[in-house]
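*Asks:* The sequence and its predicted three-dimensional model are supplied below.
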Amino acid sequence: MSEAAGPRSVEIRSATAADVGTILGFIRDLARYERLEHKVVVTADEIERWLFADTRVAEVLLAIDAGEPIGFALFFVSFSTFLGRPGIYLEDLFVRETARGRGVGQALMRALAAIAVRRGYGRLEWAVLDWNAPAIEFYRRLGADVLDDWRVCRLTGAALDRLASRPHLPEL
């Protein structure tokens, strides 16, 4: 699918296995922007395994301008028990600094919304860092509700392993 963004036309397309290096580069760029580069441990092989092998767990849209990748959105299917329908959870949205302000982020969000509607999903949601005022304002301009009364909870690494290894939990 193609979307217009700003004065030039920006192509929005689904990523393929040939884009693994580009995706990894965007992940690192996003981590640098969020001051979390030290947390990035993903490899190209892991991206290929989880995004392009038989059991895909996420999808990626790329924004391309004049053959150059300038933005990406990584998302996966979630489920709302209240709506009784699937949704899209946007894990990452990133536009290169040189391409910001030209509608690229909006084109990616519009494409995600179109996917959700076309698939019959009930919502599109994501988290945003509380210090990222430009992103919060961007999302509000799109019509998003920024939910101040919810907190993201996360188990990773040793804490995840400890909880999973507790003997009183049933085997699933």
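*Replies:* The structure has been received and is ready for your questions.
*Asks:* Which strand runs longest in the protein?
*Replies:* strand 68-80 (DSSP state E).
*Asks:* how far does that strand sit from the chain's center?
*Replies:* Distance, stretch centre to chain centre, for strand 68-80: 4 Å (CA atoms, centre = their mean, to the nearest Å).
*Asks:* Could you say which helix or strand holds the nearest residue to residue 94 once chain neighbours are set aside?
*Replies:* Distances taken as CB to CB, 6 or more residues apart in numbering put residue 30 closest to residue 94, at 4.2 Å, once the chain neighbours are dropped. Quick note: C-beta positions are derived from backbone N, CA and C, even for glycine. Secondary structure from DSSP states H and E places residue 30 in helix 20-33.
*Asks:* following that helix, which helix or strand shows up next?
*Replies:* helix 44-52.
*Asks:* need the next SSE after that next one, C-terminal direction.
*Replies:* By DSSP H and E, the next helix or strand past helix 44-52 is strand 59-65.
*Asks:* circling back to that earlier point, next, the angle from the longest strand of the chain to strand 59-65.
*Replies:* The directions of strand 68-80 and strand 59-65 differ by 150 degrees, with axes from the mean of the first three to the mean of the last three CA atoms, to 10 degrees as the criterion.
*Asks:* send the alpha carbons of stretch 110-121 over as CSV?
*Replies:* Output of stretch 110-121 as CSV, limited to C-alpha atoms (Å, rounded to 0.1, in the frame of the first residue of the first chain):
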residue,chain,number,x,y,z
ARG,A,110,-2.9,5.5,9.1
ALA,A,111,-1.7,2.3,7.6
LEU,A,112,-2.0,0.5,10.9
ALA,A,113,-5.5,1.8,11.5
ALA,A,114,-6.5,0.6,8.0
ILE,A,115,-5.1,-2.9,8.7
ALA,A,116,-7.1,-3.0,12.0
VAL,A,117,-10.3,-1.9,10.3
ARG,A,118,-9.8,-4.2,7.3
ARG,A,119,-9.2,-7.2,9.6
GLY,A,120,-12.2,-6.4,11.7
TYR,A,121,-10.1,-5.6,14.8
